[in-house]
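>>> Have a look at this fold, sequence not included:
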């Protein structure tokens, strides 16, 4: 006998094509509603608290605007250097500064997912991955910034793009660095008895 959850359609509260691609990868049907929250970190906010809060607020914002019974998935990712959160670059010069700071160093990528269910319950997971860059010369950094790839990404790089050639070591979740840790995402969808109810190929972008 079908339950209401069997017919539920997941809402993804994200404008990120990388997150769309990752949900497609595990065969989850969804539709996209972009959240409109302020994603700025609060003064003194720790990285884990920050990404969990933003992921949760994205889901709550979309749920408030959409209503209905569909579960809403929010996610957020932050690049962290020595405890300091690097957001998305505001311009080319800012992107270059970030990449020069990441050059030859190991940093952390914190990714959170929050699933808001129809009854108001929120399931959350957090992933932390360590990423090491080789030395980045200025010529490469300028060429990468000229490509435009860094501009919409936390820490000014995308692990799935040109920057991959400069990553010498990754310890943790590749999909988490992309923006949606699939292991943790699958865990909360399974916990809510949702994952097997979605049919692949029915995503709406």
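Yes, it's here. A quick note: this is a predicted structure, and the numbers were derived from the prediction, not measured. Numbering: from 1, shown residues only.

>>> and the next element down the chain from the longest helix along the chain?
Under DSSP state H, the helix in the chain containing the largest number of residues is helix 47-66. Downstream of helix 47-66, the first helix or strand assigned by DSSP states H and E is strand 72-81.

>>> orientation of the longest helix of the chain relative to strand 72-81 in degrees?
With axes from the mean of the first three to the mean of the last three CA atoms, to 10 degrees applied, the angle from helix 47-66 to strand 72-81 works out at 150 degrees.

>>> Give me the pLDDT value at the nearest residue to residue 142 once chain neighbours are set aside.
Nearest residue to residue 142 in three dimensions, chain neighbours excluded: residue 96, at 7.1 Å (CB to CB, 6 or more residues apart in numbering). In short, each C-beta sits where N, CA and C put it, glycine included. We note a pLDDT of 97 for residue 96 in this prediction.

>>> and if you look at the one 10 residues further on?
What the model reports as pLDDT for residue 106 is 98.

>>> I'd like to know how far it sits from residue 99.
According to CB to CB, to the nearest Å, residue 106 stands 15 Å off from residue 99.

>>> Also residue 32?
Distance from residue 32 to residue 99, counting by CB to CB: 29 Å.

>>> When these two are compared, which one has more neighbours?
When residue 32 and residue 99 are compared for neighbours, residue 99 comes out ahead with 24 against 17, by other CB atoms under 10 Å.

>>> shouldn't the more buried one be in contact with residue 158?
No - in this structure residue 99 lies outside contact range of residue 158 using CB atoms under 8 Å: 11.9 Å.

>>> The helix or strand harbouring residue 11 - what's its average pLDDT?
Assigned by DSSP H and E, residue 11 falls within strand 10-12. Strand 10-12 comes out with an average pLDDT of 95.

>>> same question, stretch 134-147
96.

>>> Report how many residues lie close to residue 43.
Residue 43, neighbours per other CB under 10 Å, totals 5.

>>> Quick check on it: phi, psi?
phi -60, psi 120 (degrees, to the nearest 10).

>>> Would you mark the buried spots in the longest helix of the chain?
47, 50-63 (16 or more other CB atoms under 10 Å).

>>> can you give me the strands in the chain?
Using DSSP state E, the strands of the chain run over 10-12, 30-32, 72-81, 84-86, 106-116, 122-133, 167-171.

>>> now this structure, which segments are flagged as low pLDDT?
Residues of the chain meeting the criterion pLDDT under 70: 1-8, 196-205.
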